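>>> Here's a sequence, model it:
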Amino acid sequence: MLVKDIEVALSLAGRRGWNPDNDSISRSAFIHLLRRLEKSNDEIRIVQLGGGQAIWVWNSLHELNLLPIKTTIIEHHPARASQLIQNAEAMTGIDVHWSCLKQLTDEEREDLFNNPAEANEKCGRLGKYVKTDQYDHYQIRNAFYGELSQFTFLNESIDVLIVDGPHGNGRSLVFTWLYLKLKENALILIDDFNHYPFVADLERLFSYEELHRDTWGDQVWLLLRLKGKLAIKESV
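Take a look at the predicted model:
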């Protein structure tokens with residue numbers, strides 16, 4: 001996309017309700033991401049974990065007919081999810097889903113990384129349910145979305161993955177869950193990438209090219225493009 005079109009879309013998103021502050025994905029992150037997306041006849045498939053305010057950005061792109069996108073947003077916080085679902089009812093091409101959280105053991109987590117081709121089916125079945133009063137604990141360990149059977153992405157179908165939830169180190173599990181679903185050259189935007197070894201976890205499964213990173217103040221994010229899957233370890 002051209003920068004001038006991106007600025008128009010982000011300005012419209014701001015008037016609709018988008019307010020990129022310290023608790024959401026930054027404006028600069030969206031500019032760098034959208035610069036690498038081009039309008040075509042093919043739908044651009046986006047999966048977003050957390051980061052719910054971005055719904056206004058995706059909606060603005062639809063309103064202005066700038067990109068043919070289909071966005072799935074997954075949110076674990078019940079109140080935020082309810083509001084986003086209500087907002088999405090009047091929008092096109094945006095689906096919002098609430099999911100509970102489950103906490104995996106270290107052994108279960110390692111099994112998913114060692115056998116990523118099986119992770120899409122296994123991921124939602126593993127672990128124990130997290131109590132809702134622990135959903136906002138920033139250091140919760142191995143927590144990931146539990147209601148995953150509702151998603152049926154095709155293999156090699158996802159163009160963009162935005163990783164902004166849930167809290168803790170568990171968000172790396174998305175790389176196993178979507179191992180077969182991400183396109184070979186998918187774009188991945190990781191918010192707060194320095195909080196946990198998210199990049200090291202990604203490197204276990206994919207090769208990639210770093211496109212841009214920002215570590216200025218509280219706006220910390222990393223944008224990269226996949227270059228292919230690494231060899232899959234055989235199940236035993």
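
>>> What segments of the protein are strands?
Ranges of strands within the chain are 44-50, 69-75, 94-98, 101-103, 128-129, 143-145, 158-164, 182-191, 206-216, 219-229, based on DSSP state E.

>>> May I see the ones you listed organised as CSV, with distance to residue 170 and mean neighbour count added?
C-beta here means a position set from N, CA and C on the backbone, and glycine is covered the same way. Below are these laid out as CSV (distance: least, Cβ to Cβ, whole Å; neighbours: other Cβ atoms under 10 Å):
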stretch, distance to residue 170, mean neighbour count
strand 44-50, 10, 22
strand 69-75, 13, 22
strand 94-98, 17, 19
strand 101-103, 8, 23
strand 128-129, 13, 11
strand 143-145, 4, 27
strand 158-164, 11, 22
strand 182-191, 14, 21
strand 206-216, 18, 14
strand 219-229, 18, 17
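
>>> Need the ones you listed in JSON lines (columns: distance to residue 120 and mean pLDDT).
Putting the strands of the chain into JSON lines (distance: least, Cβ to Cβ, whole Å; pLDDT from 0 to 100) gives the following:
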{"stretch": "strand 44-50", "distance to residue 120": "12", "mean pLDDT": "97"}
{"stretch": "strand 69-75", "distance to residue 120": "14", "mean pLDDT": "97"}
{"stretch": "strand 94-98", "distance to residue 120": "16", "mean pLDDT": "96"}
{"stretch": "strand 101-103", "distance to residue 120": "15", "mean pLDDT": "97"}
{"stretch": "strand 128-129", "distance to residue 120": "20", "mean pLDDT": "97"}
{"stretch": "strand 143-145", "distance to residue 120": "12", "mean pLDDT": "97"}
{"stretch": "strand 158-164", "distance to residue 120": "12", "mean pLDDT": "97"}
{"stretch": "strand 182-191", "distance to residue 120": "11", "mean pLDDT": "97"}
{"stretch": "strand 206-216", "distance to residue 120": "15", "mean pLDDT": "95"}
{"stretch": "strand 219-229", "distance to residue 120": "13", "mean pLDDT": "95"}
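
>>> Tabulate the ones you listed (JSON lines), appending distance to residue 114.
Formatted as JSON lines, the strands of the chain follow (distance: least, Cβ to Cβ, whole Å):
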{"stretch": "strand 44-50", "distance to residue 114": "22"}
{"stretch": "strand 69-75", "distance to residue 114": "24"}
{"stretch": "strand 94-98", "distance to residue 114": "28"}
{"stretch": "strand 101-103", "distance to residue 114": "19"}
{"stretch": "strand 128-129", "distance to residue 114": "21"}
{"stretch": "strand 143-145", "distance to residue 114": "16"}
{"stretch": "strand 158-164", "distance to residue 114": "21"}
{"stretch": "strand 182-191", "distance to residue 114": "18"}
{"stretch": "strand 206-216", "distance to residue 114": "15"}
{"stretch": "strand 219-229", "distance to residue 114": "14"}
